[in-house]
Structure formats: structure tokens, C-alpha cells
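> let's see this in three dimensions:
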Amino acid sequence: MDLILALDAGTTGVRTVAFDASAAVVDSAYRELTQYFPRPGEVEHDANEIATLALATLRDVAARSQMQGHRIIAVGITNQRETTVAFDRATGAIHHHAIVWQDRRTAPLCEELTTRGALPRVRAVTGLVLDSYFSGTKMRWLMDHGAIEGFAQPALSTIDAYLLWTLTGGPQGGVFATEPSNASRTMLMDLETLAWSSEMSELLGVPLEYLPTIEPSAHHFGTIDATVIPELADVPITAMLGDQQAALFGQACFSPGMVKATYGTGAFILANAGHSVPPLREGLVTTVAWDAGRHDIPAYAYEGSAFVAGAAIQWLRDELQIISSAPEVGPLAESVSDSGGVIFVPAFTGLGSPFWRSEARGVLMGLSTSTTKAHIARAVVEALAFQVRAMTEAFAEGGVALQELRADGGAAAMDLLLQLQATNSRLTVRRSRSLEATAQGAALMAGLEVGLWPSLESLAALWGSTFTAEPEDSTFADVGYAAWLDATTRA
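Residues are numbered from 1 along each chain as shown. Coordinates of the predicted model:
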């Protein structure tokens, strides 16, 4: 049986998933990733650890697949976007941890650039806002703090390019390339040309020669080096996508107006915006969905981003110890009919769309002597739905007509969350048959490139749902949402 492997290098862990020709999961391997928090508002990863976990999970799945007589015909890579690594292409040396997308240390630089009047040009050229979320200011910070000092071949990139370089040989001829869904998150790529912008390079002080080559998302990037993973020697890497765009692709949102919501570490809403650069919308960013190369012309998307979603459930588990495992939060929240007046704003690392307030911090309010663990759990689940409602309302106010919401990600396993979402956003919400839509999207694009599937239409036929939530009476939800919006002003 022919298989496609998807390497999914996420925020909290790295997994490899094997898919067959029906897009069914055949096997998977997962390793948790260490999180580093040097100071409040700062989040880092060890890029060497990311690479080590990637190789380990790929080897695990490849070895089992070979034992079962399967043939691996291609690999697709998907990754946490914006997270930035500085390394030496000549040696592989790394002087500083990767700066994670959640990290807020470059907020002062963003404020300085805004004061200088740079925002209109940043919006016009890149589709983004001046926020420390994006990679460009992280690259500038790394340069200013000695991260490339003494390097013979300095490289600044997102995680996709670093993993591609590692898998294809590293210092011994590794391919250093990225693609538009990741490059569009750097604040350095021109949305019109899908090429690096000399104007943005000059604005941020990031030399273009340090950046990877931009290729289509569906592309023969290179083959896995035999010295890196012998079990996968010469297997081609034929797709790369940022995680949220991979989920949009995996959810078969191939037509304008189709929209997906991923409830992962954060919550991300992407709506297909068609094949030309769409008008800018207040509170949202414009990004590249994918460049399918020879299979289709590039597609664009509107995006809303909330920095904390599943991470709030992790906080309940690890810090408050209200639950002992993430799946417990749904039944606990459902054990009460409301939050008992408790309101939670998960602004641990600022507020994303549509607020864009990097200085905001979390709020837990409305506590009383009758507050229980269940009320707090319910408030957290409600907050996830409220965040997405704020984004879907921004879409509507911007004139972006949304169809049904296709949901994926770990938290989407909760019926309660999807029902709250449907009622709050006044949209039909369908849970994807595969909650791992990110990995599935990378696999589908990789398989498309090697001919396992002939067209986008054939991929759309593979999509299915397992649960549907329809909007219910929103009177009570509207009151709760209004109180939550008020609480965001105190964050």
C-alpha cells in the first residue's frame, strides 16, 4: 500500500502521521516539545529539539510501515508558523532558541515602527499588522542579540525551512527553501508577487540573503538524505504548508467563502478569499492560503487569530490543576448549565484578532464562594467560543460572507464547544472527520504533487464530518458575550 507521511511540527509537540489513498490515518507517532518561558511574555523552543523529534517520529512511522510492507511515496511538512530560528547553514550551529509565535518581546519595536508611520505600507505590501506575532521583528531581534554572530552562512527562517534543510542533508547540501503560506507570515513577503520585498527588508533591517528561497507549496523540494533517515532515503518532500493553511486545505475549503476553525494551542479562523489579493479588512489579516504550483493558481485567505485556546485548557491542567487531562474539561464544563458568573479572558500573551492588543493579559473574574471547578472550566470553554465569535463578527463586518464553519483541532472534540460556537456565531458548525486536519492537509498536497490524487476535486470528495451543531436561541449567549467583551477592556 502506498502511503504519504505528514510531518506536523506544532507548538506543543511534533507528530508524523501516515495516510493512505483514502486519506485515512494508518499510523502515527508523537513526541511532546519542551516549552521555555525565560521572562513574562517570552516563549522559546529549542530548534535542535524540534529537529530531533521530527527525525524520531519519521523514523518510528517509517520503520513500522516498512515492516508491514507499505511503500512511502512522499512526505509533506506542516509547521507552527511565525516561530523563527537563526542558524548557520555552513555548520548547523544555533546560538539562540527559536522565538515562538506567541512571544511578545518585540512589541516595543512594533510600537516604534507604528509611531514612524510604517503600518499603512506594512498592511498594503504584506496584508499583516505591525504585531510581534509575525516573524520579521523576531528576525530583527535575533540579529540584534548575537544570534548570527560569527556565522559563515547566516540563515533566518520559519520552522518549515529549517526542517527541510535538515532532512535534505543540513550542512552537506541541504535545501534552504520555504513557500508562500509561511513566507506570508514573516512581514517580509509581497502578497502580490509572492516574492521577498526589498521595501520590507529595508524597513525591518533583515537582509534578504539570509532568507530561504520561496517555492510553490506543492513542489518537489528535494529528497530525504540517506544519512539523516536511512529508512526514508530518497523519498521526496513534495509539499510544505503553514499549519493553519494546511488545515484549510485539509478541510477542503477550496472555494471563496469556505471557512475553517482550528482549536489548537490557539484558535484560528481562515476563510478562502479567492485567487487574487483581496481588499484589506479591519481587524483581520490577509495571507496566502497556498500556492498549489502546477495544480492551481495561488489562493488567498482572510485570517483571524486568537493566541490562546487549547493552551488555556493546558493551563487548567498544569497550573490550576482543575483537571488531570485535557479530555476531562468537556464533561466538567457540561456538568453545570452556565459559568455561574465567572468570566475568563485568555489573554496570556496579548489579544489577537480583532483586538490586536499586545499589552493585554489574562482575566479571571466573577468568582464567589459558590464558584466551583466546573464553573471555571465552563468559563474557559465559553471563552474559546467568544473569541471565535469576535473573529466571525469581524469577518461579517468586513463584508466577508461566511458559509458553514468546519472545525478541527483537539478542542473540537467537545460537543459543548461546537454547540456554543454555532449559537454564538450563528453558523452551522461541522466537526471534521479528521481532527488532525493540519497533518491531513500537508499529506493531501504532497499526494497531489506525486499523483496519488489527480485534482482538487478528488480531494474535496474525501472530506466528511462526524458531528453538526446548529445555532440555537442566542439570547443567553448574547448576554454572556457582552459581559465577556466588557472584560476584554480590563485585560
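> checking my notes, Asn272 in a strand, right?
Yes. Under DSSP: H, G, I helix; E, B strand; the rest coil, Asn272 falls within a strand.
> which ones are touching it?
Asn272 makes contact with 248, 253-259, 289, 299-301, according to Cβ atoms under 8 Å, 6 or more residues apart in numbering. No exception for glycine: its C-beta is placed from N, CA and C like everyone else's.
> again, but for Gly136
Going by Cβ under 8 Å, 6+ apart, the list of residues near Gly136 reads 186-188, 200, 204, 206.
> which non-adjacent residue is nearest Thr238?
The shortest distance from Thr238 to any non-neighbouring residue, by Cβ to Cβ, 6 or more residues apart in numbering, is to Glu449 (3.9 Å).
> re the thing from before, any chance of the contacts of Asn272 in CSV, with neighbour count, distance to Leu194 and pLDDT too?
Listed next are the contacts of Asn272 as CSV, based on neighbours: other Cβ atoms under 10 Å; distance: Cβ to Cβ, whole Å; pLDDT from 0 to 100:
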residue, neighbour count, distance to Leu194, pLDDT
Leu248, 33, 17, 96
Cys253, 26, 20, 94
Phe254, 19, 19, 93
Ser255, 12, 21, 90
Pro256, 17, 19, 90
Gly257, 15, 23, 88
Met258, 20, 22, 91
Val259, 25, 23, 93
Ala289, 30, 12, 97
Ala299, 26, 11, 96
Tyr300, 23, 10, 96
Ala301, 29, 14, 95
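> in helices, which of the residues you listed appear?
Taking DSSP state H, the ones among those that sit in helices are Leu248.
> can you put the contacts of Asn272 in TSV and add distance to Ala374?
Below are those laid out as TSV (distance: Cβ to Cβ, whole Å):
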residue	distance to Ala374
Leu248	34
Cys253	35
Phe254	41
Ser255	41
Pro256	41
Gly257	38
Met258	36
Val259	31
Ala289	39
Ala299	43
Tyr300	42
Ala301	37
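> nearest to Thr489, of the contacts of Asn272?
Distances from Thr489 to the contacts of Asn272, taken as Cβ to Cβ, are shortest for Val259 (27.3 Å).
> for Asp131, give its distance to Ala246.
Remark: distance between Asp131 and Ala246 (Cβ to Cβ, to the nearest Å) = 22 Å.
> and these two? Which one has more around it.
Ala246 (33 against 23; other Cβ atoms under 10 Å).
> what about that one, which SS state?
helix.
> pretty sure it is touching Thr438, no?
Yes. Ala246 is within contact range of Thr438, at 4.7 Å (criterion: Cβ atoms under 8 Å).
> joint contacts of these two?
Thr78.
> can you pull out the helices in the stretch 351-491 of the chain?
373-397, 415-425, 437-450, 456-460, 475-488 (DSSP state H, counting those that start in this stretch).
> run a quick neighbour tally on the closest residue to Ser184 other than its chain neighbours.
Using Cβ to Cβ, 6+ apart and skipping the chain neighbours, the partner closest in space to Ser184 is Val288 (4.2 Å). Per other Cβ under 10 Å, the neighbour tally for Val288 reads 25.
> and Leu280, what does it touch?
Leu280 touches 123-124, 127, 286, counting by Cβ under 8 Å, 6+ apart.
> ok, it to Phe467 distance?
Leu280 is 35 Å from Phe467, by Cβ to Cβ.
> what of Leu405?
Counting by Cβ to Cβ, the gap from Leu405 to Phe467 is 12 Å.
> so between the two, which is more surrounded?
Leu405 (24 against 16).
> if I look at the more buried one, how far off is Trp165?
36 Å.
> and Arg185, which of the three is it?
coil.
> correct me, but it touches Ser135?
Yes. Between Arg185 and Ser135 there is a contact at 6.0 Å, judged by Cβ under 8 Å.
> what residues are shared contacts of those two?
What both Arg185 and Ser135 touch, as defined by Cβ under 8 Å, 6+ apart, is the set 82, 158.
> what number of residues lie near the residue nearest to Thr238?
26.
> could you number the chain from 843 rather than 1 from now on?
Right, with 843 as the first residue, what we last looked at is Glu1291.
> separation between it and Ala1219?
The value you get for Glu1291 to Ala1219, if Cβ to Cβ is used, is 43 Å.
> what's the answer for Pro1120, then?
In this view, Pro1120 and Ala1219 are 38 Å apart by Cβ to Cβ.
> who has more neighbours out of those two?
Ala1219 (27 against 19).
> would you mind measuring from that one to Ala1088?
Look at Ala1219 and Ala1088: by Cβ to Cβ, they are 30 Å apart.
> likewise for Thr1129?
13 Å.
> between these two, which contacts overlap?
With Cβ under 8 Å, 6+ apart as the test, Thr1129 and Ala1088 both reach Ser1023.
> which residues of the stretch 993-1142 of the chain fall in helices?
1001-1009, 1022-1025, 1040-1046, 1085-1092.
> dump those helices to TSV, plus distance to Ala916.
Formatted as TSV, these follow (distance: least, Cβ to Cβ, whole Å):
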stretch	distance to Ala916
helix 1001-1009	13
helix 1022-1025	18
helix 1040-1046	33
helix 1085-1092	15
